[in-house]
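Q: sequence and predicted structure, then a few things I'm wondering about:
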Amino acid sequence: MTWTLRRTIVGLAVALLLGAGSFVAYALGEQQRAHVVGQGHRTTAVVTGYERNSGWPDAAEVTYEFAGARRQASIYHPWHAPPPGGTSLDVFVDPADPQRVATADGYATGWQAGLPLPLAAFAVVAALVALSGFVTTVRRQRWDAASIAPEPDAATVAVRRRGVVRRVDVWSWFFFGLLAAGTALGVWANQGSDDPLFYPAVAMFGGAAAGVYVAGTSGRIVITPRHLTVHQTFTVHTVPRGLVQSVHLAEDGVLELVIRNAAPIRVATGAAAQWGAHLNRRPAQLRAANRLRNLLVAVRPAGGGEDESVTRTYRWFTIGLAVLAGAGMAAPFVVMAVSRG
């Protein structure tokens, strides 16, 4: 989605209104609390429980005595969490409304007393969304305007015997590292565990790590004097160098290799699809295209091969790894189903 300047202004205006609402709610609440503290009757209250709200914030339920009667009220703080259960508080009771109490350190009755913090949080979120959306759109537009660099002069490029263009998927590597490290840490911290779900849980997280690796980081293009091989998730296309005609940019994050007398081969670059369509894959696409074109010049073709054809084989290792990943992620559910049966 293109984040226009108008949307940014609207988002910042919403953030400003929410921030102003937070300030007004805090100012009015402080005025009312100060009035109760200044004019109210002082007594002792005890925190007896909590009022859990589906939203935010929670309230502390306090019990106190006033005018010979035992009363109960819910108190909020504009910024702090409720005090622990059993805590004794000095509260001030409004004589005109005994259900209205306040403390000298900021707690008061009425859900309005808890509004400043959530309003301020929503204001910050709205501002971040507006600004990040605008910056992301500007960056994407600049990258969209960029194109593949001109093919380098063969005389200025150092000759190489082999070259590799790897898929750069930062998100997949991040989550792969996170899952792999978490799995190893869990195994180390729970050595000797007799929990029947421990090893299935290890298999699930290990399988998730393997699945992330297969989906996002296993692709690459290898250039040799005789062939160009495209390693995709589960297949390998082997193309004689004499049949490679050109490299084009397709849609966001995809390269298209034009092959003589064969269908084009499409190669994914950048973040894998499972991380969302909103990510900007254009930088990775351009870097991969420029590196591939440079390597096609640096790795001199051996000649011949025009009478050969493109072949496709399967990557049995990644296929097996994907099967193991699926089995690992299903392991805890299978164990639970068997134990219940």
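A: Cool, got the structure.

Q: OK, contacts around residue 161?
A: Taking Cβ atoms under 8 Å, 6 or more residues apart in numbering, we find residue 161 in contact with 224, 225, 299. For glycine as for every other residue, the C-beta is placed from the backbone atoms N, C-alpha and C.

Q: can you flag the buried ones in those residues?
A: Buried members of the contacts of residue 161, counted by 16 or more other Cβ atoms under 10 Å: residue 299.

Q: any idea which of the contacts of residue 161 is the one closest to residue 318?
A: Distance to residue 318, by Cβ to Cβ, is smallest for residue 224 among those, at 20.9 Å.

Q: quick check: residue 285 touching residue 268?
A: No. When contacts are counted by Cβ atoms under 8 Å, residue 285 is not listed as touching residue 268 (9.2 Å).

Q: so where's this structure shaky on pLDDT?
A: 1-2, 52-57, 111, 143, 146, 304-307, 341 (pLDDT under 70).

Q: would you map the strands across it?
A: Applying DSSP state E to the chain gives strands spanning 41-51, 59-66, 69-76, 88-94, 97-103, 108-109, 163-166, 220-223, 227-231, 235-240, 244-249, 254-259, 265-268, 311-314.

Q: most tightly packed of those strands?
A: Ranked by mean neighbour count, those are led by strand 108-109 with a mean of 24 (mean count of other Cβ atoms under 10 Å).

Q: check which helices and strands that one sits against.
A: Using 3 or more Cβ pairs under 8 Å, 6 or more residues apart in numbering; DSSP states H and E, the elements in contact with strand 108-109 are helix 5-39, strand 69-76, strand 97-103.

Q: relative to residue 19, how far out is residue 12?
A: Separation of residue 12 from residue 19 (Cβ to Cβ, to the nearest Å): 10 Å.

Q: I meant residue 184, not that one.
A: Taken as Cβ to Cβ, the span from residue 184 to residue 19 is 44 Å.

Q: okay, the two: which has more neighbours?
A: A count of neighbours by other Cβ atoms under 10 Å puts residue 19 above the other of residue 184 and residue 19, at 17 against 14.

Q: so who does that one touch?
A: Applying Cβ under 8 Å, 6+ apart, the residues contacting residue 19 are 119, 120, 123.

Q: nearest to residue 77, of the residues you listed?
A: residue 120 (13.5 Å).

Q: ok, for that closest one, nearest residue in space, not its chain neighbours?
A: Once flanking residues are discounted, residue 120 sits nearest to residue 22: 4.2 Å by Cβ to Cβ, 6 or more residues apart in numbering.

Q: that neighbour reaches residue 126, doesn't it?
A: No. With contacts counted by Cβ under 8 Å, residue 22 stays clear of residue 126, the gap being 11.7 Å.

Q: related to what we said a few turns ago, neighbours of the residue nearest to residue 120, just the number please.
A: Look at residue 22: counted by other Cβ under 10 Å, it has 21 neighbours.

Q: ok, and the closest non-adjacent residue to the residue most central in space within the chain?
A: When Cα atoms, centre = their mean is applied to the chain, the residue found nearest the centroid is residue 275 (8.0 Å). Ranked by Cβ to Cβ, 6+ apart and with sequence neighbours excluded, the top spatial neighbour of residue 275 is residue 171, at 4.6 Å.
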